[in-house]
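# Here is the input, now give the coordinates:
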Amino acid sequence: MIVLAFDRDWTVDVNPHPNREAVPLEYVTYWNEKPAHEVWATGNQLLVNEANIPGTVETVRRLKGDLSLLGDKDEQTGRYERWPERETRLKMLEELFPDAEQYIVVDDLNLEHVGNWDHYYAWDFMEALRQGELPLEIPDRNDSQRIQIDRELSEHESQSSELAVHPTVSYRSRIQETDGTFGALHPLQPDLELVETHRAVTDTDHKQIEPGPTSDTLAVEADAIRKQWLKNATSASSDTDSSMSTRAIHETELVSRLDRAVGIMVGLACGDALGRPVEFKQPRQIKTEYGEVRDFHGDGSHGQPAGTLTDDTAQAVYLISVLLEANGFDKELYAERLVEWLEVGPFDVGMTTLSSLKYLQGDVNPDKAGEKTLAYRGPGQAAGNGSVMRCAPLAIAYPDKWDELQRVSRESSHITHADSRCTHGAAVLNLTLAALINGSVNPLADALDALSDDAPNELVDRLRRVPDELEQSELNNSGYVLDTLETSLYIGLTADSAEDALTTAVNMGGDADTIGAVTGAIVGARFGAGRRMKRIDDDRDHTFPKRWTNNLYPDIMRFEKSIVPSLLEIGQISDHGYTADRDVADNVYDIARKIN
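This next block holds a predicted model:
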């Protein structure tokens, strides 16, 4: 008997390493069905349900007879009081199966020091498997139990002629091989193309979107098509569509563009509110005062009630109001809104932002205010994170027009933060979010590849290291724009969950609200807000805990119904003469003015 222990992240292809080969999920489930093997999840326990294999809880139950070793379980988070280290989990499996012929662990953590266990990284494991160095059978493509065995990471493969996907986004290879009706209606394509194709394919006379002055239904209609696609795809057989009967649904196909867009705003707000009380504090001070920050707290920095949103969310919501009112980005109007926000008297304003807004109050042109601040404060003091914290709504509005997205990202930053590290920093963050909205499996690399050639080398070189060449111990919590981007991207792209990402980010202290907000936008785009397309209707996963989303002040959860769908449409259909509904634009403007 062979004991196989698998981690999930950067190991199995439900969440593969951005640049390396992963173990197909179907291999794990296949070996689990063989009596000669014991297959267990010893890392991220999401793999227990995904692969239908036992995990750490079952290990403890079988070995000890009960779960007292793990302590009490938090019913809200599902976490146990005491959780054994990875090495301990392996030793427990070894104790559970003392007569095994071989113990193999596949994990992105180096576990070669654990005695009796043969450790492999996923890519080394797959190569050893192909070379016949492991006593494991490779699943046969014709095995009736297998729905797919060839899902390997592919970088920028040629597109299927029938699948309209973004030309610069890294997709799974099998996604791009989808053809037929399922290819034509593939959920990763832009909303407008999807809706138009659906009407043509189904010969639908009923059209929710007609030529006229306003629209906020395109994203909603597209979302409904995606859900139907998933239902059909998961029940596909050779009788319906051969392209879908030979492969499994990939993780990126389960989260819709609309849900990712909603997730960006919910994540930004949650990270902002979670980090606000510990802004300017250092980790040791946070630990002394709070233990670990996992909930909203009142008082603390700025002395505000629990769940209070700060300048990060306020400026982002003002940006949405501009996009909906002007039917696109208007830097003069956004500059006016920022000055209006300042004059209300917010409790937290960054120094670079304050300087530029003071220039704007003095009738300096929006093209010049940020430059004057840069000249006055100098490059060492004017390269803060105040423009990247607010720029995410632009990625929602322009997820498919990357040249335009870069331009408006730089323009929005330039109003207050004219340093090129800030302007191009906003661009690279928004390109990363746009790549995630489009279903990329390598979003930061896609963003950096698309970034303008005149982006500063310091920015590109720092972010090229994320995540492979960077250790978490190297992350910084300062308000310097490159520190914020590096830290937020690393945490946001590697965390096992949105909750873990935000708690990690804010407990670093420093500029905790902004690092939390930027990290939140990234994990919101990565995991969605929680309305995952599943095989069972209305089975909801909540990406962000209800104890957060139910306690934001002001409440921005109304965004999901009409505001984000309208924002998601702006870049797609404004060229066709559509504008956002004025009531929606007024509504978001009212919300922005309540955040001080």
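
# What sits closest to residue 335 if chain neighbours are left out?
Ranked by C-beta to C-beta, 6 or more residues apart in numbering and with sequence neighbours excluded, the top spatial neighbour of residue 335 is residue 366, at 3.9 Å. Placement of C-beta: from N, CA and C, glycine included.

# quick one, what contacts the one you found?
Residue 366 makes contact with 331-332, 334-335, 360, 415, according to C-beta atoms under 8 Å, 6 or more residues apart in numbering.

# Just the buried ones out of the residues you listed, please.
Among the contacts of residue 366, those classed as buried by neighbour count (16 or more other C-beta atoms under 10 Å) are 331, 334-335, 360, 415.

# pLDDT value on residue 167, please?
pLDDT, the model's per-residue confidence, is 63 for residue 167.

# and if you look at the one 3 residues further on?
At residue 170 the predicted local confidence, pLDDT, stands at 66.

# tell me the domain boundaries of this structure?
Taking automatic domain parsing as the domain assignment, the ranges for the chain are 2-130, 173-249, 257-594.

# JSON lines for those domains, including mean pLDDT?
As requested, those are exported to JSON lines (pLDDT from 0 to 100):
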{"stretch": "domain 2-130", "mean pLDDT": "89"}
{"stretch": "domain 173-249", "mean pLDDT": "65"}
{"stretch": "domain 257-594", "mean pLDDT": "92"}
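
# for these, which one ends up most surrounded?
With neighbours defined by mean count of other C-beta atoms under 10 Å, none of the domains of the chain is more surrounded on average than domain 257-594, at a mean of 22.

# That domain: end-to-end distance?
Using C-alpha to C-alpha, to the nearest Å, the end-to-end distance of domain 257-594 comes out at 28 Å.

# what distance separates that domain from the centre of its chain?
Between the mean C-alpha location of domain 257-594 and the chain-wide mean there is a distance of 13 Å, by C-alpha atoms, centre = their mean, to the nearest Å.

# go on, stretch 14-24?
Centroid displacement of stretch 14-24 relative to its chain, using C-alpha atoms, centre = their mean, is 17 Å.

# going forward, begin numbering at 389 instead of 1
Got it, the first residue is 389 from now on, which makes the last one we talked about stretch 402-412.

# What separates the first and last residues of it, distance-wise?
The first and final residues of stretch 402-412 sit 8 Å from each other (C-alpha to C-alpha).

# cool, and stretch 435-446?
So stretch 435-446: terminal residues 13 Å apart, C-alpha to C-alpha.

# List the contacts of that stretch.
Applying C-beta under 8 Å, 6+ apart, the set of residues contacting stretch 435-446 from outside is 394-396, 400, 402, 413, 416-417, 420, 427-430, 433, 455, 458, 468, 471-472, 477.

# hmm, 6 Å instead?
Contacts of stretch 435-446 from elsewhere in the structure, counted by C-beta atoms under 6 Å, 6 or more residues apart in numbering, are 396, 402, 413, 416-417, 420, 427-429, 433, 477.

# Just to check, residue 781 is in contact with residue 708?
Yes. Counting by C-beta atoms under 6 Å, a contact exists between residue 781 and residue 708, whose distance comes to 4.7 Å.

# Now the residue lying farthest from the centre of the chain: which helix or strand?
Distance from the C-alpha centroid of the chain, by C-alpha atoms, centre = their mean, peaks at residue 487 (42.8 Å). Under the criterion DSSP states H and E, no helix or strand holds residue 487.

# ok, how many other residues are close to the closest residue to it other than its chain neighbours?
Taking C-beta to C-beta, 6+ apart as the measure, residue 487 lies nearest to residue 389, with 7.1 Å between them; neighbours along the chain are not counted. A count of neighbours around residue 389, defined by other C-beta atoms under 10 Å, yields 11.

# Please apply the same query to residue 643.
Residue 643 is surrounded by 26 other residues when neighbours are defined as other C-beta under 10 Å.

# Just the pLDDT for it.
85.

# got it, and residue 535?
Model confidence at residue 535, expressed as pLDDT, equals 34.

# on that earlier part again, between the domains of the chain, which one is closest to residue 527.
Nearest to residue 527, of all the domains of the chain, is domain 390-518, at 4.3 Å by C-beta to C-beta.

# Endpoint to endpoint, the closest one covers what distance?
Length of domain 390-518, first residue to last, C-alpha to C-alpha: 18 Å.

# and if you look at stretch 459-471?
Taking C-alpha to C-alpha, stretch 459-471 runs 8 Å from one end to the other.

# Likewise for stretch 683-696?
For stretch 683-696, the separation between the terminal residues is 12 Å (C-alpha to C-alpha).

# Show me the contact partners of it.
661, 665, 667-668, 735-736, 939-941.

# how does it look with 10 Å?
Applying C-beta atoms under 10 Å, 6 or more residues apart in numbering, the set of residues contacting stretch 683-696 from outside is 464, 657-658, 660-669, 674, 677-678, 681, 698, 734-736, 891, 900-901, 933, 935-943, 983-984.

# again, but for stretch 509-516
Among residues not part of stretch 509-516, those counted as contacts by C-beta under 10 Å, 6+ apart are 392, 394-395, 398-401, 404-405, 407-412, 415, 492-498, 506-508, 521-522, 524, 526, 540-541.

# that older thread, looking at the contacts of residue 754, spot the one nearest residue 869.
For the contacts of residue 754, the nearest to residue 869 is residue 803 (15.0 Å; C-beta to C-beta).

# Return the distance of the closest one relative to residue 501.
Using C-beta to C-beta, to the nearest Å, we find residue 803 at a distance of 53 Å from residue 501.

# Could you do residue 519 as well?
25 Å.

# for residue 669, same thing?
Noted for residue 669: a distance of 36 Å to residue 501, by C-beta to C-beta.

# And for residue 793?
Counting by C-beta to C-beta - residue 793 and residue 501 are separated by 46 Å.

# Next: residue 389.
Distance, residue 389 to residue 501, by C-beta to C-beta: 24 Å.

# go on, residue 947?
Relative to residue 501, residue 947 is positioned 48 Å away (criterion: C-beta to C-beta).

# ditto for residue 749
For residue 749 relative to residue 501 (C-beta to C-beta), the value is 61 Å.

# Which helix or strand contains residue 493?
Assignment of secondary structure by DSSP H and E places residue 493 within strand 490-494.

# Can you list the strands that that strand pairs with?
For strand 490-494, the pairing partners within the sheet under DSSP bridges are strand 390-394 (parallel), strand 505-508 (parallel).

# Dump those to TSV, plus distance to residue 813.
TSV is the format used below for the strands paired with strand 490-494 (distance: least, C-beta to C-beta, whole Å):
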stretch	distance to residue 813
strand 390-394	37
strand 505-508	37
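
# Quick one, which of the ones you listed gets closest to residue 955.
Using C-beta to C-beta, the nearest of those to residue 955 is strand 390-394, at 39.5 Å.
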